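[1] Kindly return the folded structure for what I paste below:
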Amino acid sequence: MTKSSKRPPAGLPDKDTLVAFLREAGSAEKTDIARHFGLKGGDRRALREMIRELEAEGRLGKRGRKGFSEAGALPPVGVADVIERDGEGELYVRLVEASPDAPRALLMPDKSRTAPGLGDRLLVKFQHGAEGWEARLIKKLDVGTNRVLGVIRKSARETRVEPVDRRSKDVLLVPQAQSGDLRDGDLVLAAVEKGDHRYGPKRGKILEHIGKEDDPRAASLIAIYAHSIPTGFSEAVEREAEDQELPTLKGREDLREVPFITIDPADARDHDDAVYAARDEDPKNPGGWIVWVAIADVAAYVRPGSQLDREARDKGNSTYFPDRVEPMLPEVLSNGLCSLKEGENRACLAVRMVFDKEGRKTGHRFVRGLMRSHAKLSYEQAQAAIDRAPDDATGPIMEAILYPLWNAYHAMLKGRLKRSPLQIESAERRIRMAPDGGIASIEKRTSLEAHRLIEEMMIQANVCAAETLEQKKTPLIYRIHDAPSQEKIFNLADFLSTIGKPWNKGEPGTTKRFNKLLDETRDTEHADVVNEVVLRTQMQAIYSPENVGHFGLNLDRYAHFTSPIRRYSDLIVHRGLIRALGLGKDGLTDREIAELPAIAEQVTTTERRSMAAERDAMDRYIAAYLEEHIGATFKGRITGVTRFGLFIRLEDTGADGLVPVSTLGSEYFTHDDRAHALVGERTGKRFTLGRMVEVKLREATPVTGGLVFEMLSEPEPRDPNAPAPRYGIRGRGGDGPPMRGKNRPGGPKPRNGAKPSGGLKGVRKGKRK
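    Okay, the predicted model is just below:
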């Protein structure tokens, strides 16, 4: 009920006055209405009668259990569920406590927030627009907690939705009226219906039919829906993208004679960046190099406040799956006008950097230019050429382009080594898809010097962007990476003590100290697990308008500039440079500057959303691939130790699965969180973090991505330096049963799984860089 400084006259209102009051208030209960009009005694009885008459006339409707509102009206602010998505991707909401025939409202897009998904519960502001009710998001009240993505399971008696999230236990029963068109194995999005769910399964309502469980694309579809990844583009955005014109020299420096080349993955469709290097002819810089990095000028096409800009900001970044990409920009831009294609004129924002012979950057300048790529190479092509196996594309450009690029990189590498960034090795896997949509193979990504060359040149270009914006006192979004917390360092030290690698807990965690540890263990049996634990010790990089530096790269200032086709953060940095250097009228606006904290938070959120979706899809594809190998044995490494079991990563595929603690043997295993081990209570035998083991695949569930293994390797012998087993060693060879009940040290034996877990604490749960 709205507050008013002016009280209405006491006494029973007429019907029009009552309806007008409810229209302004949104909704009110009888007692609130009576209090507002100062009604007592008989007037209150008359009010109840008037409300019944207005209901019968269709002018009032129920709102919640006791409230009333004008029929067909919505309150100024209310809690609503996202109930529908139309063919153009528009979302509609309905008040949570409204009747099924209550009006729905179009959810208006909000470029400063991540788009909600079907089933999300929101706090919204309602208003009547030109074409009906509209809702504007105030905030999400939860993120899909009342919706379930699952698979239809039909029996003769009932239809159920089994969740695809292996952590969820929300099996839903589908009403008979909705189950007729459903088939066993259908992928659906369902909402949990209100009601008393204490007895039997919860009731569900089907919101959307997504596909089939056995569709080769199911893994990506599930990830897209589970993480609310925005898909496709509105017709308005597609039209805006198609209306863009080819770039000209107007307002640009002509760089078409600079022999830029692109070096990308073999299957890349969009090309953000191109590079070129040449010796510096300045006699004051003997042995020095000029390095050019040209980046697609996305800001020329995606302008602040446009429909293109709003949808790009909502997506935040492109999301990559083995079988598809959900791009941030429409294909006509991402694979067309913005992509630096060989032999075609393209708008670019380029930086010319100068390095001395020791790899120190001595200067740089940015230009807005028109370029033309002279060659399109894959990493493998470029590497093969440098390794003396050129092909028809690389042979003619060896002397003029490739050799200078590599020589410039080797000079830059000296500066990188002095800087000593974190040298973590990441064993990434790649899924190769078969023509029929199935999985052809899962293979390790090979790390080539060509990869490292492009990476270092992009890093230096990013540094130049941050430096220039700071020098010009233009606000920007930094890419920041904070140093590990003291707690994580302590947990790392605890782990290292179990493998005989001392780390003083008072010793600060610098990149040089981490690199020393990685170098010391690189050729040992502990190399992989130390690399993994050091990675988990790191904080996660984020976007922020406040700078704290980049710990992993060991840089004082850093911003993302080199991938504006696929990252909105980079587009904001481009606009900042255009504004700071007076390179056009399409630079960063005052409004965007005011919104930088919100934009930084938004793009951090969308990046994490995409990372989670990509990881989940990978898990499901790998489970589908391994489903045909149930019963096979594999070599793997223990990468996690918890009270409920051991996490195993397979050596060949990188697949992660669980060995449940209940399957480890006849004795009871407890979790020693300091030693990062499961330890047998009777024998003291141990399964420790980082150990190579042999396992048998028992279960593979593609729809959830879950893998369950059986341990084939024997546990390690008891650590002679560890305390004796908790309950003593009795019987033959120490393998007798432990004492029971009150005579047993420590009292009654706890139930299996009852001991709380310390896990790897901050180490095992550390953020990925």
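
[2] Could you use CA atoms for every contact and neighbour count after this?
    Noted.

[3] Pull the contacting residues for the nearest residue to K444 once chain neighbours are set aside.
    Excluding the flanking residues, the one nearest K444 by CA to CA, 6 or more residues apart in numbering is R429, at 4.4 Å. Neighbouring residues of R429 by CA atoms under 8 Å, 6 or more residues apart in numbering: 442-445, 653-654.

[4] Need the distance between the two termini of stretch 341-360.
    From its first residue to its last, stretch 341-360 covers 31 Å (CA to CA, to the nearest Å).

[5] Buried residues of it, list them for me.
    For stretch 341-360, a neighbour-count test (16 or more other CA atoms under 10 Å) marks 341-342, 345-360 as buried.

[6] And the pLDDT at T159?
    Note for T159: predicted pLDDT of 89.

[7] where's it relative to D215, distance?
    According to CA to CA, T159 and D215 sit 21 Å apart.

[8] These two: which is more packed in?
    T159 (21 against 14; other CA atoms under 10 Å).

[9] give me phi/psi at that one?
    Main-chain dihedrals, T159, degrees, to the nearest 10: phi -120, psi 130.

[10] Now do the same contact list for it.
    Applying CA under 8 Å, 6+ apart to T159 gives the contacts 152-153, 173-176, 179.

[11] please redo it, this time with the cut-off set to 6 Å
    153, 174 (CA atoms under 6 Å, 6 or more residues apart in numbering).

[12] Report the beta-bridge partner residues of it.
    On the basis of DSSP bridges, T159 is bridged to K154.

[13] okay, now the spatially closest residue to M398 that is not a sequence neighbour: neighbour count?
    Once flanking residues are discounted, M398 sits nearest to A385: 7.6 Å by CA to CA, 6+ apart. Per other CA under 10 Å, the neighbour tally for A385 reads 18.

[14] any idea which element A580 lies in?
    Using DSSP states H and E, A580 sits in helix 568-581.

[15] C-alpha coordinates for that helix, PDB please?
    The C-alpha coordinates for helix 568-581 follow below in PDB (Å, rounded to 0.1, in the frame of the first residue of the first chain):
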ATOM      1  CA  TYR A 568      33.100  -7.400 -24.300                       C
ATOM      2  CA  SER A 569      35.800  -6.300 -21.800                       C
ATOM      3  CA  ASP A 570      38.200  -5.800 -24.800                       C
ATOM      4  CA  LEU A 571      35.600  -3.700 -26.600                       C
ATOM      5  CA  ILE A 572      35.400  -1.400 -23.600                       C
ATOM      6  CA  VAL A 573      39.200  -1.000 -23.700                       C
ATOM      7  CA  HIS A 574      39.100  -0.200 -27.400                       C
ATOM      8  CA  ARG A 575      36.500   2.500 -26.800                       C
ATOM      9  CA  GLY A 576      38.600   3.900 -24.000                       C
ATOM     10  CA  LEU A 577      41.600   4.100 -26.300                       C
ATOM     11  CA  ILE A 578      39.500   5.800 -29.000                       C
ATOM     12  CA  ARG A 579      38.300   8.400 -26.500                       C
ATOM     13  CA  ALA A 580      41.800   8.900 -24.900                       C
ATOM     14  CA  LEU A 581      43.600   9.300 -28.200                       C
END
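
[16] Start and end of stretch 474-487, how far apart?
    By CA to CA, one end of stretch 474-487 lies 36 Å from the other end.

[17] Hmm, I typed the wrong one, I wanted stretch 516-529.
    Rule used - CA to CA; the end-to-end distance of stretch 516-529 is 15 Å.

[18] average pLDDT across that stretch?
    For stretch 516-529, mean pLDDT rounds to 90.

[19] And the helix holding A580, how far out from the chain middle?
    Chain-centre distance of helix 568-581: 23 Å, with CA atoms, centre = their mean, to the nearest Å.

[20] what's near enough to touch T319?
    Per CA under 6 Å, 6+ apart, neighbours of T319: 325-326, 610.

[21] let's see 10 Å
    224, 229-231, 325-328, 566-567, 606-607, 609-611, 613-614 (CA atoms under 10 Å, 6 or more residues apart in numbering).

[22] got it, and A347?
    A347 neighbours (CA under 10 Å, 6+ apart): 246-249, 252-255, 294-301, 337-340, 368-372.

[23] Just the buried ones among those, please.
    Using 16+ other CA under 10 Å as the burial test, those include 247, 252-255, 294-301, 337-340, 368-372 as buried.

[24] Show me where the stretch 51-200 of the chain has its strands.
    Here the stretch 51-200 of the chain has its strands, by DSSP state E, counting those that start in this stretch, at 60-63, 67-70, 77-85, 91-95, 105-107, 121-129, 132-140, 147-154, 159-163, 172-173, 186-192.

[25] Turn those strands into a markdown table, columns for distance to D482.
    Rendered in a markdown table, the data for the strands of the stretch 51-200 of the chain read as follows (distance: least, CA to CA, whole Å):
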| stretch | distance to D482 |
| --- | --- |
| strand 60-63 | 49 |
| strand 67-70 | 51 |
| strand 77-85 | 37 |
| strand 91-95 | 38 |
| strand 105-107 | 37 |
| strand 121-129 | 33 |
| strand 132-140 | 28 |
| strand 147-154 | 35 |
| strand 159-163 | 37 |
| strand 172-173 | 43 |
| strand 186-192 | 38 |
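
[26] Just the buried ones from the contacts of T319?
    Using 16+ other CA under 10 Å, the buried members of the contacts of T319 are 224, 229-230, 326-328, 566-567, 606-607, 609-610, 613-614.

[27] Let's see which of these end up in strands.
    Assigned to strands by DSSP state E, the following of the buried ones among the contacts of T319 qualify: E326.

[28] wait, which of the buried ones among the contacts of T319 is closest to P201?
    Of all the buried ones among the contacts of T319, I224 has the smallest distance to P201: 26.4 Å, by CA to CA.

[29] residues touching the closest one, list them.
    218, 230-231, 319, 321, 326, 609-610, 613-614, 616-617.
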